[in-house]
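Asks: generate a structure from the sequence data that follows.
(chains A and B)
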Amino acid sequence: AQSVTQLGSHVSVSEGALVLLRCNYSSSVPPYLFWYVQYPNQGLQLLLKYTTGATLVKGINGFEAEFKKSETSFHLTKPSAHMSDAAEYFCAVSERGLTGGGNKLTFGTGTQLKVEL
Amino acid sequence: DAGVIQSPRHEVTEMGQEVTLRCKPISGHDYLFWYRQTMMRGLELLIYFNNNVPIDDSGMPEDRFSAKMPNASFSTLKIQPSEPRDSAVYFCASRYRGREQYFGPGTRLTVT
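Replies: Numbers count the residues shown, from 1 in each chain, chains lettered A, B, ... in the order given. So this is what the prediction gives:
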């Protein structure tokens, strides 16, 4: 079975500082990987995803993530944090393909990002 | 497009009552997913449909929970009877084929 581990349930950074949110996955084969963001009282919004091809993936709002197969990691980064980045971030995995497990997202427990002045 | 629409946004009910949550997916999307979010268990997939047909309901916690999708533009998640441990935020999401899932704003359910 697949699983996702997000290290650090709370991360605090200063405005303008580097954002690094960690995600490690467990899967018998490289899965599809996703990062979602959830703002207060809202649903989840896709930031970026990795399915195939280039391992460095760029998403919305200046975020990017790199798939590292050898480390089974998919960490999310942003060079310079902005106050508007304060939210909860979820890493998720699914099996490859469009049938069966490929339709099911398994989410990590989330990381709450706080951005301070 | 208006996005995924869920109603109600907030529901407070007493233990033992029936609760019905509603979802309208994005037009043209052929997959619909129901999730539950709690502090203890995080985000859990309850059930998903493809072309209105339930494909996998292995995440439905027990027989008190049921979900239907009578047509491509409407789905319901029903809890009968409700219990305090059902208190959570319930999300609906839809997807077109292999593309990403789009989430609704959620329904915050409180069972007293």
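Asks: now do the strands in chain A.
Replies: For chain A, applying DSSP state E gives strands covering A:3-5, A:10-14, A:19-21, A:24-26, A:32-38, A:44-50, A:56-58, A:64-68, A:73-78, A:87-94, A:106-107, A:111-116.
Asks: including distance to chain B, could those go into CSV?
Replies: C-betas here are computed from N, CA, C, even on glycine. What follows is the strands of chain A, written out as CSV (distance: least, CB to the nearest CB, whole Å):
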stretch, distance to chain B
strand A:3-5, 10
strand A:10-14, 13
strand A:19-21, 15
strand A:24-26, 15
strand A:32-38, 7
strand A:44-50, 4
strand A:56-58, 13
strand A:64-68, 14
strand A:73-78, 15
strand A:87-94, 7
strand A:106-107, 4
strand A:111-116, 12
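Asks: dump these into JSON lines; add distance to residue B:38, mean pLDDT and mean neighbour count as well.
Replies: Shown next, in JSON lines, are the strands of chain A (distance: least, CB to CB, whole Å; pLDDT from 0 to 100; neighbours: other CB atoms under 10 Å in any protein chain shown):
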{"stretch": "strand A:3-5", "distance to residue B:38": "17", "mean pLDDT": "92", "mean neighbour count": "16"}
{"stretch": "strand A:10-14", "distance to residue B:38": "18", "mean pLDDT": "97", "mean neighbour count": "14"}
{"stretch": "strand A:19-21", "distance to residue B:38": "21", "mean pLDDT": "98", "mean neighbour count": "19"}
{"stretch": "strand A:24-26", "distance to residue B:38": "22", "mean pLDDT": "94", "mean neighbour count": "17"}
{"stretch": "strand A:32-38", "distance to residue B:38": "14", "mean pLDDT": "94", "mean neighbour count": "23"}
{"stretch": "strand A:44-50", "distance to residue B:38": "15", "mean pLDDT": "94", "mean neighbour count": "20"}
{"stretch": "strand A:56-58", "distance to residue B:38": "29", "mean pLDDT": "96", "mean neighbour count": "14"}
{"stretch": "strand A:64-68", "distance to residue B:38": "26", "mean pLDDT": "96", "mean neighbour count": "18"}
{"stretch": "strand A:73-78", "distance to residue B:38": "23", "mean pLDDT": "97", "mean neighbour count": "21"}
{"stretch": "strand A:87-94", "distance to residue B:38": "14", "mean pLDDT": "94", "mean neighbour count": "23"}
{"stretch": "strand A:106-107", "distance to residue B:38": "12", "mean pLDDT": "91", "mean neighbour count": "21"}
{"stretch": "strand A:111-116", "distance to residue B:38": "15", "mean pLDDT": "97", "mean neighbour count": "16"}
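Asks: and the ones you listed as TSV, adding distance to residue B:6?
Replies: Formatted as TSV, these follow (distance: least, CB to CB, whole Å):
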stretch	distance to residue B:6
strand A:3-5	25
strand A:10-14	28
strand A:19-21	27
strand A:24-26	29
strand A:32-38	15
strand A:44-50	13
strand A:56-58	29
strand A:64-68	28
strand A:73-78	27
strand A:87-94	18
strand A:106-107	18
strand A:111-116	23
